[in-house]
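**Q** next input, structure requested:
(2 chains)
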Amino acid sequence: GENVEQHPSTLSVQEGDSAVIKCTYSDSASNYFPWYKQELGKGPQLIIDIRSNVGEKKDQRIAVTLNKTAKHFSLHITETQPEDSAVYFCAASRDRAGGTSYGKLTFGQGTILTVHP
Amino acid sequence: GAVVSQHPSWVICKSGTSVKIECRSLDFQATTMFWYRQFPKQSLMLMATSNEGSKATYEQGVEKDKFLINHASLTLSTLTVTSAHPEDSSFYICSAALGTGNTIYFGEGSWLTVV
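**A** Have a look, this model is predicted:
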């Protein structure tokens, strides 16, 4: 099955700096890679996602890059703000063509991001 | 984004009793929903895949007779923890797949405390 490794486990930055979180995956059939932000006591919130036919995607201060050959993808947050502090999870899954694995997300271990004012 | 609602947000129950948690997709139909369990400071662990109109598919190590899942309609899946024990205390989260792609949205989670 799929295995997703996420690094670092904790990340501390100053407000305004950039933050980068990296993930690697093992299943070359995975083709959907979402990133979730989870605040304390709440469910994960989808913040950005990328599919394997795209190398990079950006949404305001958040961007995700994907290297299919190396099987790794990264989350980039620019101009960080204190409200960006949360746990971030990467995940990987296959689409319907992947058969029974459709929609089954395999999560990374999570990164605790702390943005200091 | 799409909205997935869970109810209750938190529940306390006595050992030996059963408790039901509901997961609803509010503005879209979800043929597939997923139930996760999360321990403090850990990642999400998939418990089962819930398919509308059919039996749930459980992950290895998850007791299907203890964690009953029913997906009665395209907008509702329920998780019933039967004969709850303190070790079942956890944060339970559902998610739903949107459309024909595999974009997954999560509910707000339900805290279960068994005393």
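**Q** any residue of stretch B:78-86 up close to chain A?
**A** No - among the residues of stretch B:78-86, none lie within reach of chain A under C-beta under 8 Å from any C-beta of the partner chain; the closest is 14.0 Å away. Where C-beta positions appear, they are placed from N, C-alpha and C, glycine not excepted.
**Q** what's the distance between the nearest residue to residue A:80 once chain neighbours are set aside and residue A:42?
**A** In this structure, residue A:80 finds its nearest non-sequential neighbour in residue A:115, 4.6 Å apart by C-beta to C-beta, 6 or more residues apart in numbering or on different chains. According to C-beta to C-beta, to the nearest Å, residue A:115 stands 18 Å off from residue A:42.
**Q** the more surrounded of these two?
**A** residue A:115 (20 against 16; other C-beta atoms under 10 Å in any protein chain shown).
**Q** correct me if wrong: the more buried one contacts residue A:84.
**A** Yes - contact criterion C-beta atoms under 8 Å: residue A:115 and residue A:84 qualify, at 5.1 Å.
**Q** just the pLDDT for residue 51.
**A** The chain I'm using is chain A. pLDDT recorded at residue A:51 is 88.
**Q** hmm, I had chain B in mind actually
**A** For residue B:51, the model assigns a pLDDT of 84.
**Q** count of neighbours near it?
**A** Residues near residue B:51, counting by other C-beta under 10 Å, number 16.
**Q** and if you look at residue A:27?
**A** For residue A:27, using other C-beta under 10 Å, the count is 17.
**Q** likewise residue B:68?
**A** Neighbours of residue B:68 using other C-beta under 10 Å come to 16.
**Q** for the host helix or strand of it, buried residues please.
**A** Using DSSP states H and E, residue B:68 falls within strand B:67-73. Under the neighbour-count criterion of 16 or more other C-beta atoms under 10 Å in any protein chain shown, strand B:67-73 has B:67-69, B:71 buried.
**Q** between these, which sits nearest chain A?
**A** Taking C-beta to the nearest C-beta as the measure, chain A lies nearest residue B:71 of the buried residues of strand B:67-73, at 13.3 Å.
**Q** excluding chain neighbours, what is closest to residue B:22?
**A** Per C-beta to C-beta, 6+ apart, closest to residue B:22 is residue B:7, 4.8 Å.
**Q** for that neighbour, list the residues it contacts.
**A** Residues near residue B:7 by C-beta atoms under 8 Å, 6 or more residues apart in numbering or on different chains: B:21-22, B:24, B:110.
**Q** how about low-confidence regions in the chain?
**A** If you meant another chain, say so; for now it's chain A. When residues are selected by pLDDT under 70, those of chain A lie in A:95-102.
**Q** please refer instead to chain B.
**A** In chain B (pLDDT under 70), the answer is B:1, B:99-102.
**Q** distance of the nearest residue to residue B:64 once chain neighbours are set aside from residue A:80?
**A** Closest residue to residue B:64 apart from its sequence neighbours, by C-beta to C-beta, 6+ apart: residue B:58 at 4.7 Å. Per C-beta to C-beta, residue B:58 is found 40 Å from residue A:80.
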